[in-house]
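# got a predicted structure here, sequence first:
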Amino acid sequence: MSEKTIRRERGLLYEDFHVGQTFDHHWGRTLSGSESKTYSTMTMNFCPIYFNDHYAAAQGYDGAVINPMLVFTTILGLSVEDLSEAGGPFLGIDDLVFDRPVYDGETVYARSETLSCRVSSSKPGWGIVTWRTAGFNQDQQQVLSFQRTNLARMKEKTT
């Protein structure tokens, strides 16, 4: 790194989180049918309700739906800046529930709540944080929810 480079630390550390804390993740993202078709093809997910309007309608949908895994990864991605941008290993997703389909042109938003924080007993200098994240469409209808757990670096190492 050169002397002219300014390094800015980004993201929150373990001590910045507390149970009950909420985050309204600010960006939002409009999803399109074409990117859903591309995502479905790239992940070899050829379920016809993701790319065939007539088939999806015959199954009771309002047309082809956005691949729910694209919706999930988008909502997860929207939460990164507030929850895990400072780094720390991702420990997993639990209790993923898809509440309603998302359609071409809908915009999704994310909101998270801190559920638990504890100091890691096996990794000094790290804590374990769990959040409940919910995704909403532009009409504030919940489209999915899940719990996510990460290791979060501490400001000071504990022994």
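Nice, I can see it.

# CA atoms only for the longest helix seen in the chain, dumped as CSV, please.
The longest helix of the chain (DSSP state H) is helix 68-83. The C-alpha trace of helix 68-83 is given here as CSV (Å, rounded to 0.1, in the frame of the first residue of the first chain):
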residue,chain,number,x,y,z
PRO,A,68,-36.8,-17.6,-5.4
MET,A,69,-33.1,-18.4,-4.9
LEU,A,70,-32.3,-15.2,-6.8
VAL,A,71,-34.7,-13.3,-4.5
PHE,A,72,-33.0,-15.0,-1.5
THR,A,73,-29.4,-14.2,-2.6
THR,A,74,-30.4,-10.6,-3.4
ILE,A,75,-32.0,-10.0,0.0
LEU,A,76,-28.9,-11.6,1.6
GLY,A,77,-26.7,-9.4,-0.4
LEU,A,78,-28.7,-6.3,0.6
SER,A,79,-27.9,-7.0,4.2
VAL,A,80,-24.1,-7.4,3.9
GLU,A,81,-23.2,-3.7,4.1
ASP,A,82,-24.8,-3.4,7.5
LEU,A,83,-24.2,-6.9,9.0
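
# what packs against that helix?
Contact partners of helix 68-83 among helices and strands, from 3 or more C-beta pairs under 8 Å, 6 or more residues apart in numbering; DSSP states H and E: strand 22-30, helix 33-42, strand 90-98, strand 107-119, strand 126-137, strand 142-153. C-betas here are computed from N, CA, C, even on glycine.

# mind listing what's buried in the fourth one?
This means strand 107-119. 108, 109, 110, 111, 112, 114, 117 (16 or more other C-beta atoms under 10 Å).
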